[in-house]
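In: Whatever this is, show me its structure:
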Amino acid sequence: MPEFNTEEFKVNGEQLLSKLKELLREGNIRRVIIKDKDGKVLIEFPLTFGVVGLILAPTLAAVGAVAALVSEATIIVEKEQQS
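Out: Model prediction:
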């Protein structure tokens, strides 16, 4: 059974989309959660190999909309641990 580790990144609204794209390029991400400054989950989505391209465009559009509404956010990424 795979093990996961999580990383958190605090960004302002303007940086949200570019930081998310940077993280996605790194790969190995299984799930992304974006929270507002109060810790409320704004958007959460799983990333599975093979469907990333299919869901990426509409998901990034939604993240862009969220970015326009928040002044700061936390991106939490769940990555599969390397063996």
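In: any weak-confidence spans in this protein?
Out: Regions of the chain meeting the criterion pLDDT under 70 cover residues 1-2, 48-56, 82-83.
In: Regarding it, what is its longest helix?
Out: As assigned by DSSP state H, the longest helix anywhere in the chain is helix 52-69.
In: Extract the CA atoms of it and return them as CSV.
Out: Taking Å, rounded to 0.1, in the frame of the first residue of the first chain, the C-alpha atoms of helix 52-69 are listed here in CSV:
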residue,chain,number,x,y,z
VAL,A,52,-4.5,14.7,-15.3
GLY,A,53,-4.7,16.2,-18.7
LEU,A,54,-8.4,15.6,-18.9
ILE,A,55,-9.3,17.4,-15.7
LEU,A,56,-6.5,19.9,-15.6
ALA,A,57,-7.9,22.6,-17.7
PRO,A,58,-11.3,23.0,-16.0
THR,A,59,-9.7,22.5,-12.6
LEU,A,60,-7.1,25.3,-13.3
ALA,A,61,-10.0,27.5,-14.4
ALA,A,62,-11.7,26.9,-11.1
VAL,A,63,-8.5,27.6,-9.2
GLY,A,64,-8.1,30.9,-11.1
ALA,A,65,-11.6,31.9,-10.0
VAL,A,66,-10.7,31.0,-6.4
ALA,A,67,-7.5,33.0,-6.7
ALA,A,68,-9.5,36.1,-7.7
LEU,A,69,-11.5,35.8,-4.5
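In: and the helix or strand following it, what does it pack onto?
Out: Next in sequence after helix 52-69, counting helices and strands by DSSP states H and E, comes strand 72-80. Other elements packing on strand 72-80 under the criterion 3 or more CB pairs under 8 Å, 6 or more residues apart in numbering; DSSP states H and E are strand 4-12, helix 13-26, strand 29-36. Where you see a C-beta, it was placed from the backbone N, CA and C, and this is true even at glycine.
In: Could you rerun that using 10 Å?
Out: Here strand 72-80 touches strand 4-12, helix 13-26, strand 29-36, strand 41-46, helix 52-69, going by 3 or more CB pairs under 10 Å, 6 or more residues apart in numbering; DSSP states H and E.
In: The most centrally placed residue in the chain pairs with what?
Out: Nearest to the mean C-alpha position of the chain, counting by CA atoms, centre = their mean, stands Val32 at 3.6 Å. On the basis of DSSP bridges, Val32 is bridged to Phe45, Val77.
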